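Peer 1: With the sequence up front, the predicted model follows.
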Amino acid sequence: MNHRPFLRTTTLFKGLADQDFEPVLRVIQEEHFAATATILTENSPGTKLYIVKSGTVDVFKAIQMSWGTEENRIARLTEGEFFGELSLFDNRHRSSTVKAFDNCILLSLEKSDFENIIG
């Protein structure tokens, strides 16, 4: 599937030179998530960057309360927005949980592919 037109509209890739953009196009993956599906979980290892191609995702942060842990929504992301980018640069665990609000199509870039692209 050709993701070039869509990716060129995102803040991540719109200014990238063609010779740097082509390797990304070869490894980017399309993933489908049903409404309410958990895409990634807070404190899990981070291995991918995700870009919302269609649909909406919610970002949650766990907050310790006296009665236990409560999940609070801290952001809602839509088409063209991205999350998980820090996992490409460090070895820290995920800082939040992300769930599909509705049916979503996400594009993903694996950390290992990113590392191969940048050498």
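Peer 2: Structure's in. What do you need? Residues are numbered from 1 along each chain as shown.

Peer 1: contacts, neighbours, all on C-alpha from now
Peer 2: Noted.

Peer 1: residues in contact with the longest helix along the chain?
Peer 2: Taking DSSP state H as the criterion, the chain has its longest helix at helix 18-27. Outside of helix 18-27, the residues within contact range by CA atoms under 8 Å, 6 or more residues apart in numbering are 3-4, 13, 109, 113-114, 117.

Peer 1: what about 10 Å?
Peer 2: Applying CA atoms under 10 Å, 6 or more residues apart in numbering, the contact partners of helix 18-27 are 1-4, 7-8, 13-16, 108-110, 113-114, 116-118.

Peer 1: Going through these, which ones are buried?
Peer 2: Neighbour counting with 16 or more other CA atoms under 10 Å marks 7, 13, 108-110, 113-114 as buried within those.

Peer 1: Just give me the closest of those to residue 35.
Peer 2: The nearest member of the buried ones among the contacts of helix 18-27 to residue 35, counting by CA to CA, is residue 108 at 17.8 Å.

Peer 1: Hmm, that closest one is touching residue 87, no?
Peer 2: No - in this structure residue 108 lies outside contact range of residue 87 using CA atoms under 10 Å: 12.0 Å.

Peer 1: Count the residues that sit near residue 45.
Peer 2: Other residues near residue 45 come to 14 when the count uses other CA atoms under 10 Å.

Peer 1: Against residue 95, how distant is it?
Peer 2: 10 Å (CA to CA, to the nearest Å).

Peer 1: Phi first, then psi, for the nearest residue to residue 41 once chain neighbours are set aside.
Peer 2: Nearest residue to residue 41 in three dimensions, chain neighbours excluded: residue 97, at 4.2 Å (CA to CA, 6 or more residues apart in numbering). Main-chain torsions, residue 97, degrees, to the nearest 10: phi -100, psi 140.

Peer 1: now the strands for this structure?
Peer 2: In the chain, the strands defined using DSSP state E lie at 29-33, 38-40, 48-54, 57-65, 68-77, 82-83, 97-100, 104-110.

Peer 1: which other helices and strands contact the longest one?
Peer 2: Counting contacts by 3 or more CA pairs under 10 Å, 6 or more residues apart in numbering; DSSP states H and E, strand 68-77 is packed against strand 57-65, strand 97-100.
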